[in-house]
Each structure stands twice: as structure tokens, then as C-alpha cells.
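>>> Provide a 3D model corresponding to the input given below.
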Amino acid sequence: MSELPFLLSASALHELESILLSKKIPEGYGVRLGIKGSGCAGVSYVIGFDIESEGDKVYQNGALNFLIAKKHLLYISGLCIDFVDTNEERGFIFEHQSF
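Okay, the predicted model is just below:
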């Protein structure tokens, strides 16, 4: 398994690990990162738990496997994923960085 093609904050990793345990995600599932939509508004990023599919690239970070469809890899590379939990907002934040 290779180095992650995206940046994952400690808070995002902690939240994913918490969800994995609290929702009792079955063994063999990984974190699916992908995109949906395109066009004038660009793409939206999606995150969830899924099993590995043919054509996925698999990356490991600690106890988590990250699954990315090869066709989405270009959009995920360089992505910064954070998790915020404040009075105003709670959720994952996706920002694409140009290197």
C-alpha cells in the first residue's frame, strides 16, 4: 500500500475511527473517498464506508483502509480533509490544495 495521495487531519482521522466503532461497521469495510457531479459547479466530494471494488486503489492509515476508484484518483490527489465540530458547524471539510 502506498502513501496517502491526500492530507487527513488528526481530527478527521479521529472522527472516522469513532464512526467505525460507534456504528459497528463490519470488518472488511474501508473508507470510500470519491466524487459526484461535475460541470460548471465542479465536483462534490463524498465519504462513507464501503467494501473494496475492482478498480479501487487502497491506501492504509493506521487501522483504516481508504478506497478510491482509480477514475476518481485525479480529483482526490492533493485533497485536504478535516473535521470540524463547533457550535456553528459539524462535519468533514474538503479543500483541494494546489502543489
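>>> what number of residues are in the vicinity of Y45?
20 (other CB atoms under 10 Å). Placement of C-beta: from N, CA and C, glycine included.
>>> so it versus I93, what's the distance?
10 Å (CB to CB, to the nearest Å).
>>> same check, this time on N87
16 Å.
>>> neighbour-wise, which of those two wins?
Using other CB under 10 Å, the more surrounded residue of N87 and I93 is I93, with 14 against 5.
>>> host element of that one?
strand 90-96 (DSSP states H and E).
>>> before we move on, what about F66?
Assigned by DSSP H and E, F66 belongs to strand 64-69.
>>> what's the distance between G37 and Y45?
In terms of CB to CB, G37 sits 10 Å off from Y45.
>>> what does D82 give?
Going from D82 to Y45 by CB to CB gives 12 Å.
>>> and what of E3?
Taking CB to CB, one finds E3 at 20 Å from Y45.
>>> mind checking the SS state of the residue most central in space within the chain?
With distances taken as CA atoms, centre = their mean, the residue of the chain nearest its centroid is L33 (3.9 Å). Under the three-state scheme (DSSP: H, G, I helix; E, B strand; the rest coil), L33 adopts strand.
>>> what's the burial count for Y59?
Close neighbours of Y59, defined as other CB under 10 Å, add up to 21.
>>> so it touches I76, yeah?
No. With contact defined as CB atoms under 8 Å, Y59 does not count as touching I76 (9.8 Å).
>>> hey, what's in contact with both of those two?
Each of 5, 68 lies in contact with both Y59 and I76 under the rule CB atoms under 8 Å, 6 or more residues apart in numbering.
>>> circling back to that earlier point, pLDDT at the residue nearest to the centre of the chain, what is it?
pLDDT for L33: 98.
>>> quick one, helices of this structure?
10-22, 73-76 (DSSP state H).
>>> distance between the last one and the chain's centre?
It stands for helix 73-76. 11 Å (CA atoms, centre = their mean, to the nearest Å).
>>> what comes into contact with that helix?
5-6, 33-35, 43, 45, 57, 68, 96.
>>> now do 6 Å
Helix 73-76 has contacts (CB atoms under 6 Å, 6 or more residues apart in numbering) with 6, 33, 35, 43, 68.
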